[in-house]
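Engineer: below is the structure, and that's it, no one-letter string:
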């Protein structure tokens, strides 16, 4: 008798529990639905369309006259010198920018994390380029880089260095873009590192100083290892941002001189929108996507195995 | 004051960006509210100078007044900037079928839009004599495969402005008769003499996009060739012909000798920092803001022993294939390009008129300095190539010229333009 009552009670408990859980699940799904729908419509669907369009000849001005051409776009792509050049430029930018920008950001974070009197001024100074639109910054830097009367050349002149063509030279243009990109975006990663730095327990530093560790040893054995997860995050987002390089070359060099700053994103834009070859642009996008996936996975693997 | 205008233009362009879908509804609906049974039309055009914008605003207001209860036009101003932002917006609207009824477009794009059937022929809406009133270059640029698609709002030309004080200092007298027009060599000597102490011999870069093709294709034409053949089917042997290479080498020589600034401030000439300037009538209204500047006009320089020529072409208006009211839209186009509009616009922005009848009443074109412009427009001008693959041509040509000006190999750059254009044409437009 007692046993059955207990059972009944237990059963009832379980059923209210599962009912409540089911309701929670339902509420959860209903919260997620808008985001999922948006993702499907603006991310998944366009990507699937790009895959489909990649097999077609599709002039943007004649959307009613799409026709399938099989692998033609891909055949074209793998014989297109400009595609390889753009791919190379994109990878070059990424390989340089990711470590340099993250390194600069870490140093800035260490600088503004100490008890310097003016640290808030520094924080604002380093972060302000991040909140300014890249378009505005690119236009500003065009005049800074001006080969004749730009501010940077005037400064170099002061040190007796002759005028540099910066954006007008195929050997300097990409590096000039890298320099300004690092300057612009390092403040963002600095903030993330700063948050990470402030999450490290003060006890560790106190204990180590009692043990007689120097500042440099503290940095090597406490700060850097404690920032591992933050660093992985910073490297990942910087890489993803870097491979998407578009605004700077679009505004500052239009891919030139001699295609030295043409990136994959810019190539896709020009083929798709300026030349209206939406089919070919889609094919490039698909290959671009595969390359990004490859980079992300290998980074994840590399950083986890470490 | 200036900031206020800028802000309001920005707000306008934002509104234009947002209202693409909404206006379509206004068209397809019965148009019940407010305007009675008036047909609602939309009109897109890129933002221009303040005076130019004002002319369109006024003319559209007058049109709405004259057609009260029948047609109501809503004009949307879209920022163009330094590149192809306006064209991008059109591309996007084609894909989503949200083009406006009336659409402004740059002259060389007409063939591309006509070939893609996003604008409709207007022959049935214009009488023969009405069409004949347009200057020949307008009919040339507005026609594709024997049909007329888009009349120009005005004409244009590129001339060589010069700073009178600097010329006097060096004892230089620029020619005012077309048969004495400077050759490239004469122009080079003038630049060489006047280029010193922070003053450039010339200012000739307006932007690194369409301007490059618009202005410098003429160096090819002056040499007796062009950047593509007459039919527009191939660039091989044209853009990279020996005469073409010679033209590009001339540009490279100017750059190597630092006779012009490749990234100039827009007002270099106005501030007396450039002795001459390749520019157009659109520059003239702005000269008023620089009372110290004494300027004159001379002809577009020609190749020694070559053809006298000058750029032409202008923004034009057409009816989109999406329009549900092509007849009413054609009325708007006739109005905005009629004699009154053409005259008023020409007066406001000192651009040569698109109509002969308007031209005749603009007496200021009979004297210097504007006489030079009239002589070029009516006598020696050449329009840009009429080809559906124009977007690739102009982009690649402009890129090549920019590269050449900063030291790239001339022949290699031009060969690249030729092969890219020919492949593109073969792939997408060859029958």
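Structural biologist: Here it is on my side, so go on. As the structure is a computational prediction, the values presented were derived from the model and not from experiment.

Engineer: point me to the residue of chain B nearest chain A.
Structural biologist: Chain A sits closest to residue B:116 of chain B, with a gap of 3.5 Å, by C-beta to the nearest C-beta. C-beta here means a position set from N, CA and C on the backbone, and glycine is covered the same way.

Engineer: does that residue touch residue A:63 like I think?
Structural biologist: No: Residue B:116 is beyond contact range of residue A:63, at 9.6 Å (criterion: C-beta atoms under 8 Å).

Engineer: compare those two (neighbour count), which wins?
Structural biologist: Legend: neighbour count by other C-beta atoms under 10 Å in any protein chain shown for residue B:116 and residue A:63, higher for residue B:116 (18 against 15).

Engineer: which bits of chain A sit near chain B?
Structural biologist: A:57, A:59-63, A:142-143, A:146-148, A:165, A:167-170, A:250, A:254-258, A:270, A:273-277 (C-beta under 8 Å from any C-beta of the partner chain).

Engineer: before we move on, the earlier item: so what sits against both of residue B:116 and residue A:63?
Structural biologist: Common contact partners of residue B:116 and residue A:63 (C-beta atoms under 8 Å, 6 or more residues apart in numbering or on different chains): residue B:94.

Engineer: find me the pLDDT at the nearest residue to residue A:300 once chain neighbours are set aside, would you?
Structural biologist: Closest residue to residue A:300 apart from its sequence neighbours, by C-beta to C-beta, 6 or more residues apart in numbering or on different chains: residue A:236 at 7.7 Å. At residue A:236, the pLDDT value in this model is 90.

Engineer: what about the strands in the chain?
Structural biologist: Here I'm looking at chain A. Assigned by DSSP state E, chain A shows strands spanning A:56-57, A:67-68.

Engineer: other chain: chain B
Structural biologist: For chain B, the strands defined by DSSP E occupy B:39-46, B:71-78, B:102-106, B:143-144, B:147-148, B:159-163, B:200-203, B:274-279, B:295-298, B:310-311, B:315-319, B:381-382.

Engineer: residue A:73 is in contact with residue A:54, isn't it?
Structural biologist: Yes: contact criterion C-beta under 8 Å: residue A:73 and residue A:54 qualify, at 5.7 Å.

Engineer: mutual contacts of these two, please.
Structural biologist: Common neighbours of residue A:73 and residue A:54, using C-beta under 8 Å, 6+ apart, are A:279, A:282-283.

Engineer: what is the nearest of those residues to chain B?
Structural biologist: Among the shared contacts of residue A:73 and residue A:54, residue A:279 lies closest to chain B (C-beta to the nearest C-beta), at 10.1 Å.

Engineer: just give the nearest non-adjacent residue to the closest one, would you?
Structural biologist: In space, and not counting its chain neighbours, residue A:279 is closest to residue A:58: 3.9 Å by C-beta to C-beta, 6+ apart.

Engineer: what pLDDT does the one you found get?
Structural biologist: 90.

Engineer: now residue A:148: how far from residue A:168?
Structural biologist: From residue A:148 across to residue A:168, the span is 10 Å (C-beta to C-beta, to the nearest Å).

Engineer: my read: the residue nearest to residue A:300 touches residue A:299, true?
Structural biologist: Yes: here residue A:236 reaches residue A:299: they are 6.4 Å apart, a contact under C-beta under 8 Å.

Engineer: residue 215: neighbour count?
Structural biologist: Because you didn't say which chain, this covers chain A. By other C-beta under 10 Å, the residues close to residue A:215 number 10.

Engineer: the chain in question should be chain B.
Structural biologist: Neighbour count for residue B:215, taken as other C-beta under 10 Å: 20.

Engineer: any idea how far residue A:63 is from it?
Structural biologist: In terms of C-beta to C-beta, residue B:215 sits 34 Å off from residue A:63.

Engineer: again, but for residue B:78
Structural biologist: Relative to residue A:63, residue B:78 is positioned 21 Å away (C-beta to C-beta).

Engineer: what does residue A:253 give?
Structural biologist: For residue A:253, the distance to residue A:63 - C-beta to C-beta - is 31 Å.

Engineer: same check, this time on residue B:397
Structural biologist: Noted for residue B:397: a distance of 27 Å to residue A:63, by C-beta to C-beta.

Engineer: number of residues surrounding the residue in the stretch 51-200 of chain A that chain B sits nearest to?
Structural biologist: The stretch 51-200 of chain A approaches chain B most closely through residue A:61 (3.5 Å), counting by C-beta to the nearest C-beta. Neighbourhood size, residue A:61 [other C-beta under 10 Å]: 19.

Engineer: equivalent analysis for the one 3 residues further on, please.
Structural biologist: Residues lying near residue A:64 (other C-beta under 10 Å) number 6.

Engineer: can you check residue B:272 too?
Structural biologist: 17.

Engineer: excluding its backbone neighbours, what's nearest it?
Structural biologist: Nearest-residue entry for residue B:272: residue B:163, 6.3 Å, with adjacent residues in sequence omitted and distances by C-beta to C-beta, 6+ apart.

Engineer: the one you found reaches residue B:290, doesn't it?
Structural biologist: No: at 10.5 Å, residue B:163 does not count as touching residue B:290 under the criterion of C-beta under 8 Å.

Engineer: give me the contacts around stretch A:114-121.
Structural biologist: For stretch A:114-121, the surrounding residues in contact (C-beta under 8 Å, 6+ apart) are A:112-113, A:122.

Engineer: can you pick the most crowded of these?
Structural biologist: In these, the most neighbours by other C-beta under 10 Å go to residue A:112, 24 neighbours.

Engineer: just the ones of the contacts of stretch A:114-121 in helices?
Structural biologist: Residues of these located in helices (DSSP state H): A:112-113, A:122.

Engineer: tell me the pLDDT at residue A:213?
Structural biologist: 88.

Engineer: excluding chain neighbours, what is closest to it?
Structural biologist: residue A:221 (7.2 Å).
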